[in-house]
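Peer 1: Sequence and predicted structure, then a few things I'm wondering about:
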Amino acid sequence: MTIFVGITGSIATGKSTIVKFLQKKGYKVHDSDLIVNKIYSQPNKKLFSTLKNIGLTNSIKNKKIDKKVIRDEIFSDKAKKRELEKFIHKEVRISRNLFIKKNKKQKNKIIFFDIPLLFEAKLTHVCDYIILLYAPKKIKIERALKRKNINKEDIIRILKSQIDDKIKKKKSDYVINTSKQKKHSFKMILEVISNILKQNA
């Protein structure tokens, strides 16, 4: 039996750092953000068609996608946001199912899904366990501001569009505070994995 573990958390809670650490340790991780980035950086006909159909043609420039245009439009138009998410979630689901099939075949004991919008996308059912990466709002904003092409207004809009951390904590099996040193987060994630494996020995 393969154990499915979901890793989630809002913007700038250290998901990428944890994922890289797990991969270094030899664990298999399906990274939803990586798949989404590929969808936008290597756009295909299906994506172009979807963007045109939902009224986001202005985000297509020289066969490339301007994500800032999309971000600005979908924050003020819930219908467009819903339709775009439907397409993106379907593509990520196809990729995740292939990942599951491959790892089950290889008889891997435990695999991970990095799903930032796990609760928002109602994907708790795909996980046997859920690990929430958490950091106080102030720290999340400080970290996110170091990224390219994002400002404080965008970050606050993103945080407001997501389910509150208090609710996420209640729905998670494990919560790791990533506001401390990276070493602490790494130690905690390994302890969680050890605990899960013991429960399923």
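Peer 2: Great, that's in hand.
Peer 1: And the nearest residue to Lys25 once chain neighbours are set aside, how close does it get to Asn103?
Peer 2: Excluding the flanking residues, the one nearest Lys25 by C-beta to C-beta, 6 or more residues apart in numbering is Leu190, at 7.8 Å. Quick note: C-beta positions are derived from backbone N, CA and C, even for glycine. As defined by C-beta to C-beta, to the nearest Å, Leu190 lies at a distance of 20 Å from Asn103.
Peer 1: More neighbours: which of these two?
Peer 2: A count of neighbours by other C-beta atoms under 10 Å puts Asn103 above the other of Leu190 and Asn103, at 18 against 13.
Peer 1: Which strand or helix spans the more buried one?
Peer 2: helix 78-105 (DSSP states H and E).
Peer 1: For that helix, what does the pLDDT average out to?
Peer 2: The average pLDDT within helix 78-105 is 95.
Peer 1: do stretch 1-19 as well
Peer 2: Over the span of stretch 1-19, the pLDDT mean works out to 96.
Peer 1: Which secondary structure elements does the helix holding Asn103 sit against?
Peer 2: Counting contacts by 3 or more C-beta pairs under 8 Å, 6 or more residues apart in numbering; DSSP states H and E, helix 78-105 packs against strand 28-31, helix 32-41, helix 45-53, helix 67-76, strand 110-114.
Peer 1: Mean neighbour count, the ones you listed: which tops it?
Peer 2: strand 110-114 (a mean of 22; mean count of other C-beta atoms under 10 Å).
Peer 1: Can you list the strands that that strand pairs with?
Peer 2: strand 3-8 (parallel), strand 28-31 (parallel) (DSSP bridges).
Peer 1: between those strands, which one is nearest to Ile158?
Peer 2: strand 3-8 (14.3 Å; C-beta to C-beta).
Peer 1: Can you list the buried residues in the helix or strand just after the closest one?
Peer 2: Counting by DSSP H and E, the element after strand 3-8 in chain order, helix or strand, is helix 15-24. Using 16 or more other C-beta atoms under 10 Å as the test for burial, helix 15-24 gives 15, 18-19, 21-22.
Peer 1: helix, strand or coil for the spatially most central residue of the chain?
Peer 2: The chain has Pro116 as the residue nearest its centroid, 2.6 Å off, counting by C-alpha atoms, centre = their mean. Three-state call for Pro116 (DSSP: H, G, I helix; E, B strand; the rest coil): coil.
Peer 1: cool, the one 3 residues further on as well?
Peer 2: Phe119 carries the three-state label coil when classified by three-state DSSP.
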